[in-house]
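J.: I need the structure of the sequence given here:
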Amino acid sequence: MALPSAILLAAILASALSLAGARVGIGSVRTRYFGAPRGREGPGVRYAFTTAFLPWVKESARGHLASYLAGVCYHAGIFAMLASLVLSLASLAPPAPVAVALAVVFVAALACGLGLLAKRSVDPGLRALSVPDDFLSNLLVDAALATALAAALEPRALPLFQLSGAALLLYAPLGKLRHMLFLLTSRRLWGATYGRRGVLP
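T.: Numbers count the residues shown, from 1 in each chain. Model (predicted):
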């Protein structure tokens, strides 16, 4: 195994173990309810993972539809990038049409990521709420997307993509990128709590 692939594999294992440990710690916390239920958890959880994501339902998205759509595109590109990163360990080169499609996805996602970063940098309200981790996380993801684009167009750029991906994965458990895991936990808890109270859906 080439050195970049070995570094990437080690980063995947280290990141997975760190995130799994954090997830176990969160899972040990139990919610205590003191009131009688007025609804059921199941419908609340289903609502939290479906309808609640729609832009006209999310209060933070209704007035910022362009940013919402940019975020959707950004995350779609990130998922494609992570899948490409894992497949690179098996030395599976995508067929030319797939590589071109991936390149288009990566270009769109990178443009959205940089646009969201620019908005965070120039909008006084967002800038006041931001911490260094917000900028660093975005830049690490954008670097991984950029090198994924390079690797899709030129296979010789694959080692650079793997190293960039390794840096991203090693940082993931340390900052806001942890939300890739804890989003699932927090949404489930939110939906279950308010479903039980009869507030959702």
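
J.: so how far is Arg30 from Ala76?
T.: 35 Å (C-beta to C-beta, to the nearest Å). For the C-beta atoms, the positions are set from N, CA and C on the backbone; glycine is no exception.

J.: which one of the two has more residues nearby?
T.: Ala76 (14 against 5; other C-beta atoms under 10 Å).

J.: Verify the stated contact: that one with Phe106.
T.: No - counting by C-beta atoms under 8 Å, Ala76 stays clear of Phe106, with 10.4 Å between them.

J.: And the helices in this protein?
T.: 3-27, 41-49, 59-62, 65-88, 96-122, 124-129, 132-153, 158-171, 179-196 (DSSP state H).

J.: which outside residues touch the last one?
T.: Contacts of helix 179-196 from elsewhere in the structure, counted by C-beta atoms under 8 Å, 6 or more residues apart in numbering, are 19, 22-23, 26-27, 31, 33, 37-49, 52, 172, 200-201.

J.: one more time with 10 Å
T.: 15-16, 19-20, 22-23, 26-27, 29, 31, 33, 35-50, 52-53, 75, 78-79, 82, 137, 172-173, 176, 199-201 (C-beta atoms under 10 Å, 6 or more residues apart in numbering).

J.: ok, now stretch 42-56?
T.: Counting by C-beta under 10 Å, 6+ apart, 57-58, 61-65, 67-69, 71-72, 183-184, 186-201 sit against stretch 42-56.

J.: number of nearby residues for the closest residue to Pro37 other than its chain neighbours?
T.: Nearest non-adjacent residue to Pro37, counting by C-beta to C-beta, 6 or more residues apart in numbering: Arg196, 4.8 Å away. Arg196 is flanked by 21 other residues according to other C-beta under 10 Å.

J.: Over to the one 3 residues further on?
T.: Residues near Val199, counting by other C-beta under 10 Å, number 12.

J.: Distance of it relative to Ala192?
T.: In this structure, Val199 lies at 11 Å from Ala192, with C-beta to C-beta as the measure.

J.: just Leu102 next, same as before
T.: Taking C-beta to C-beta, one finds Leu102 at 37 Å from Ala192.

J.: Check Leu54 too.
T.: Taken as C-beta to C-beta, the span from Leu54 to Ala192 is 20 Å.

J.: Over to Pro43?
T.: According to C-beta to C-beta, Pro43 stands 10 Å off from Ala192.
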